Each structure stands twice: as C-alpha cells, then as structure tokens.
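Colleague: kindly return the folded structure for what I paste below:
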Amino acid sequence: MDAASLRFGQYPPPLKTVLHLSDTHLLAGNPPLGGRYDTEANLERTLEAVERLQVRPDALVFTGDLTDLGEPEAYRALREAVEPVADRLGAPLIWVAGNHDERPALRAALLDAAPTEDPVIAVHDLGGLRLVALDTSVPGWHHGDLDQGQLEWLAEVLAEPAELGTILALHHPPLPSHLPLFDILELREQDRLARAIAGTDVRLILAGHLHYSTSGSFAGVPVSVAAATCYTMNLAQPAVEVNGMDAGQSFHLVHVYEHTITSAVVPVVDAPRGGYFDAEWAARMAGLSPEDRLEAFSRKRR
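Modeller: Sure, this is the predicted structure:
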C-alpha cells in the first residue's frame, strides 16, 4: 500500500525524499579496516536496509570518506556495490569528497571525469529541490576547509533561489563535537561559510565525518550528520573513552515538505519487529470512517 494514502493528519506527503549515507571507508581488496571492520559487508547490509524501505528516493547522497586510502580499486568496488541499488531505485547518486578521499581517483572512478585535484563540487536539480555538493577536503590533511574560489562559486549558485530551496551536502559538519580532539578535525573558518549562505534559500546541511549521528544548527540552518556505514563511535562511554564499534550503523531518511525538512535515523539492525502494524492493518485502517479510525487507534486503552 502507498504510504501517502495513509495520511490522516494535517501534513501532506513529502515533496521530495533523499537517502543520506556516509563514511563507507572501502579498501582495495577489502582487508579489515583497522584489523577489525569488514567495510564491504557493512555497506552491503546498509544497502539491503535501504532497499527494504521500499521508497523511491529522489537521490542517494554519500557524504564523504568513500574510501579509506583513496585507492582507485576501492572506488570501483564502491561504484559496483551502489550503482545497481541506485538503478533499481531509479535515483541519482551524489558523491561528496571526504578527508580520506583522493580527488583524482574519486573523479576518475566515480564521476568519469579528469583525474585532477580540482574540488569535487556539483549542483543537482532534483525536480525543483537543489542539492549542492561541496568539497571540504584538504589534500594531505584531515581537517576541513573551503577555499575562496569554492565559496564564490557557491554564492553564485545561491544567487538564484530554487523552487523548493537548497540542501548543502559536505563532509565536515559545521558543528561542535563533545569528543576530545575532534576539534582538530573540524571544518575551519566556518564564519566564511556562514556569510556565503546568509539570506539564501539553504534549508538543510547534510554532513558526515564524525561516525555518529548528531544534529544542530549553523547560521540558522539545520544540520543533519549521518553516522558511518563502516563503523560507528560508541557514545555510551565517557567522552575520553569513546572508541569505534562494529555496531550502530545507520543512514538518514530525509523528507522535504513545503515548510519543513525532517531527517530520520534508520538503524541497520537484525532484530525482531513488533507484529501490530503491517500492510493488512494499514489497509483496514484506510477503509474505516474517520470516526471509527479514531476509535480504533487514538483512544486510550483502559
């Protein structure tokens, strides 16, 4: 059953849907990352979860650290894993560069472009929703930055508003982290980005890099950070003891409405599910009158 037909409240169906994934960190030949993490298997599990949603997204966005060492073979493996899923979903793929990526190999293997050190930037029109991919990577370093040329380009792009507004996608989130030393790896000179988006139609910023899901606001714009597919940070520890774990992988389901955008964390887990809600229940509810539906679902049980 079409989920849109089950809307009984005040909000209409979303205008656009974006799936946001991050930090795949693939390695050529797939040795265990850090001697522990099977990044290809974890990506495969994530993509299986993506397809189980049975949604037709307007884009799949990967916000950086696509590979761990920038190896051409690793980019090819990523493309071979993700493109068939995107094709089945009928959704364009949007690649964003991260601090572990190498621009020449990324451009050649994923974009079929010249293998140069030029920033990996692009503008995507998703049927009125504009998605701008920025490149905060700094070749040879792990912190993030945006040079003046990229900021001027962004200002030119944003000079003309888009019908449904703009989403920015970048790797380094313009947010603080409570974890010690993570500030060494942050996006630098964030005030310059704030000035570039001030007064524009930017409605949301998507990012990765931290290996845990978080959210906040930057220059009045919501920021949604997706966790990694490879491994995640175990935040159920004192901040100084937080380390990676082979659990907690997730991605984000982004819904664009006329007046708001939501970003939901979708866990990649194998766990028993409740048996109350299913397609049969949804069809039964859809066939009830509003009064009977309220009685069947909304009234408190004594």
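
Colleague: mind listing what residue 157 touches?
Modeller: Taking Cβ atoms under 8 Å, 6 or more residues apart in numbering, we find residue 157 in contact with 123, 130, 132. C-betas here are computed from N, CA, C, even on glycine.

Colleague: for those residues, which one is nearest residue 84?
Modeller: Within the contacts of residue 157, proximity to residue 84 (Cβ to Cβ) peaks at residue 123, which comes in at 25.6 Å.

Colleague: state the next helix or strand along the chain beyond the helix or strand where that closest one lies.
Modeller: Secondary structure from DSSP states H and E places residue 123 in strand 122-126. Using DSSP H and E, the helix or strand that follows strand 122-126 in sequence is strand 129-133.

Colleague: just want the angle from that next one to strand 122-126.
Modeller: Strand 129-133 and strand 122-126 are oriented at 160 degrees to each other (axes from the mean of the first three to the mean of the last three Cα atoms, to 10 degrees).

Colleague: who are the packing partners of strand 129-133?
Modeller: Secondary-structure packing of strand 129-133 (3 or more Cβ pairs under 8 Å, 6 or more residues apart in numbering; DSSP states H and E): strand 59-63, strand 93-96, strand 122-126, helix 148-158, strand 166-169.

Colleague: for the longest one, which positions count as buried?
Modeller: Spelled out, that is helix 148-158. 150, 151, 153, 154, 157, 158 (16 or more other Cβ atoms under 10 Å).

Colleague: columns pLDDT on top of those residues, output as CSV?
Modeller: Below are the buried residues of helix 148-158 laid out as CSV (pLDDT from 0 to 100):
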residue, pLDDT
150, 97
151, 97
153, 98
154, 98
157, 98
158, 98
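
Colleague: what segments of this protein are strands?
Modeller: Listed in chain order, the strands of the chain (DSSP state E) span 16-21, 59-63, 93-96, 122-126, 129-133, 166-169, 202-207, 214-218, 221-225, 232-233, 244-245, 250-256, 261-267.

Colleague: quick one: stretch 126-137 to chain centroid distance?
Modeller: Mean-position distance between stretch 126-137 and its chain equals 12 Å (Cα atoms, centre = their mean, to the nearest Å).

Colleague: longest helix in the protein, by number of residues?
Modeller: The residue-count maximum for a helix in the chain (DSSP state H) belongs to helix 72-89.

Colleague: contact partners of it?
Modeller: 24, 26-30, 40, 43-44, 47, 50-51, 55-57, 60, 62, 66-68, 92-93, 105-106, 108-110.

Colleague: out of these, which are inside helices?
Modeller: Counting by DSSP H, the contacts of helix 72-89 contribute 40, 43, 44, 47, 50, 51, 105, 106, 108, 109, 110 to helices.
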